[in-house]
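J.: When you get a sec, could you give me coordinates for this:
(4 chains)
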2 protein chains.
Amino acid sequence: MSSPKKYITVDAVVFGYEEGNLSLLLVKRGIEPFKGRWALPGGFVNDNESLENAVERELNEEAGITLKYLEQLYTFGEPSRDPRGRVISVAYLGLVRPDAFELSASTDVIEADWFNINDLPKLAFDHKSIIDKALERLRAKITYQPIGFELLNTTFSFSELERLYSSLLGRPIDRRNFRKKIMSFGLLTQLSEKRKEGPGRPASLFQFDEDRYKTYLEKGLYFEL
Amino acid sequence: MSSPKKYITVDAVVFGYEEGNLSLLLVKRGIEPFKGRWALPGGFVNDNESLENAVERELNEEAGITLKYLEQLYTFGEPSRDPRGRVISVAYLGLVRPDAFELSASTDVIEADWFNINDLPKLAFDHKSIIDKALERLRAKITYQPIGFELLNTTFSFSELERLYSSLLGRPIDRRNFRKKIMSFGLLTQLSEKRKEGPGRPASLFQFDEDRYKTYLEKGLYFEL
DNA sequence: TCAAAAGTGTTGGAGTTACACCCATGA
DNA sequence: TCATGGGTGTAACTCCAACACTTTTGA
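T.: Numbers count the residues shown, from 1 in each chain, chains lettered A, B, ... in the order given. This next block holds a predicted model:
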């Protein structure tokens, strides 16, 4: 029987969205292995912290960021995925609003930055496949849970929401039908303010009603597309 | 900084279905902690095996069973979930056909048996919450992926399929509509044999067409309810 | 007054639901 | 011939997809 203890890490796939682009948080490694290579933020789990706490701590240490949305994604445990030995990584999926985009690197990390999801650098370990899994989950999930709102600021215009969905799903969305559908859930509050920037008619601003969402959840909500 | 190595185990939530009842595979522990208590089959991961291999090995050792369907469920890592110290468990969800129901216990296990899902004994560790998570996943998943077939024998009658769905979803199903829906996927082959046991008109037998399903998957299938 | 983006309804068709009677078999 | 479970069709309705013009603003 082999030694039962193994290294265990957490890694975070954190998505942000700004100006029509989905972006991903990466850190440049300051230590071996893969020193100087870009990688997902993450690291070893301490003895007395939960996995989720570990992710939150690492995100704070390595990128100076705190997330509102974080869920467990998948656990990667192939024996050869890490040159240091047997390392099992529990991956998390996180979403961050544009107003929390400022980063500050430290702890084993040279820098932290946002990358366009279609233009990623070469990555350390098996992090590319972790990201692929996260993208798949994100795309599936926005069609049946209102997590898209976690990628926008607390107030947003309808066309911002529409562009987000359209770019995430990779297909055009009918403005009128989309609006009808989203409105039918009754989870948006229309504010009296309007956004006036750039050309064109100013857009009304909306806000997602989390309290009402939680109430619905208890009776089972069917959010679809 | 605390010691980075931890214990890592795999646990399997294996469901079976027979005569209208969903059942769950449990093993009675032969060693401490929780000696004599029922628990999910599982155990420590060896150095050179993948997580999935570890589950398969443990299921074979502890219950003498091999599964056709196995997927990763969730990773449980609360610091206090195991009295032996910090133990992180990667849980898997498995399905087994009635024709592979015979069990044979060994290795650290006193016996292995099937339990009705509504009549479970007191369980070791946090295994109850692992089971709850698995049930939730199973119920959600049968509505959009044809995994229900993994719980039936390779040939089955339509009413068996219908009873399975109805009991898993906990609500009655309209026989005619259900048949129309399932048939519209074109994934069932009707056999010429009929099942003649018990009273009533004999039922035609069907078979799930896995090849055709795989073909569909590549173009994106929308199996819904 | 032009350009740019926001906002708004209707209609046809597809898909879902609701619903009840006849069929084949063994006792 | 009766009891048991298997098998089938239609009509109303709901939901979804397709589609184009008007409004508001700044330049």
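J.: Can you check the pLDDT for A:E18?
T.: A:E18 carries a pLDDT value of 88.
J.: separation between it and DNA strand D?
T.: As defined by CB to the nearest atom of the strand, to the nearest Å, A:E18 lies at a distance of 23 Å from DNA strand D. Bear in mind the C-beta positions are built from the backbone N, C-alpha and C, glycine included.
J.: now do A:I142
T.: Distance from A:I142 to DNA strand D, by CB to the nearest atom of the strand: 15 Å.
J.: Now do the contacts for the nearest residue to that residue once chain neighbours are set aside.
T.: Distances taken as CB to CB, 6 or more residues apart in numbering or on different chains place A:G148 nearest to A:I142, at 4.8 Å, with adjacent residues excluded. Counting by CB atoms under 8 Å, 6 or more residues apart in numbering or on different chains, A:G148 touches A:142, A:161, A:164-165, A:168.
J.: does the spatially closest residue to A:S50 that is not a sequence neighbour count as helix, strand or coil?
T.: Nearest residue to A:S50 in three dimensions, chain neighbours excluded: B:E78, at 5.6 Å (CB to CB, 6+ apart). Counting by DSSP: H, G, I helix; E, B strand; the rest coil, the backbone at B:E78 sits in coil.
J.: B:E78: how many residues sit nearby?
T.: Neighbour count of B:E78, defined by other CB atoms under 10 Å in any protein chain shown: 16.
J.: Likewise for A:P4?
T.: By other CB under 10 Å, the residues close to A:P4 number 16.
J.: And A:E49, by the same measure?
T.: 18.
J.: What is the nearest of the contacts of A:G148 to B:N153?
T.: Checking these against B:N153 by CB to CB gives A:I142 as the nearest, at 37.7 Å.
J.: In this structure A:L26 contacts A:E62, no?
T.: No. Using CB atoms under 8 Å, A:L26 is not in contact with A:E62; the gap is 10.1 Å.
J.: where do the contact lists of the two overlap?
T.: A:41, A:112.
J.: picking that back up, would you confirm that the residue nearest to A:I142 belongs to a helix?
T.: Yes. Assessed by three-state DSSP, A:G148 belongs to a helix.
J.: Quick check, the residue nearest to A:S50 in contact with A:N48.
T.: No. Contact criterion CB under 8 Å: B:E78 and A:N48 do not qualify, at 10.6 Å.
J.: what's downstream of the longest helix along chain A, the next helix or strand?
T.: In chain A, with assignment by DSSP state H, the single longest helix is helix A:127-141. The C-terminal neighbour of helix A:127-141 among helices and strands, as given by DSSP states H and E, is strand A:155-157.
J.: what are the ranges of the strands in chain A?
T.: Here chain A has its strands, by DSSP state E, at A:5-18, A:21-29, A:38-39, A:42-44, A:69-76, A:87-95, A:109-116, A:155-157, A:188-195, A:203-208.
J.: Save the ones you listed as CSV, and put in distance to chain B too.
T.: CSV is the format used below for those (distance: least, CB to the nearest CB, whole Å):
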stretch, distance to chain B
strand A:5-18, 4
strand A:21-29, 17
strand A:38-39, 17
strand A:42-44, 4
strand A:69-76, 5
strand A:87-95, 5
strand A:109-116, 16
strand A:155-157, 29
strand A:188-195, 26
strand A:203-208, 23
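J.: Tell me how many other residues surround the residue of chain A at minimum distance from DNA strand C.
T.: Closest contact between chain A and DNA strand C, by CB to the nearest atom of the strand, is at A:G200 (2.4 Å). Per other CB under 10 Å, the neighbour tally for A:G200 reads 8.
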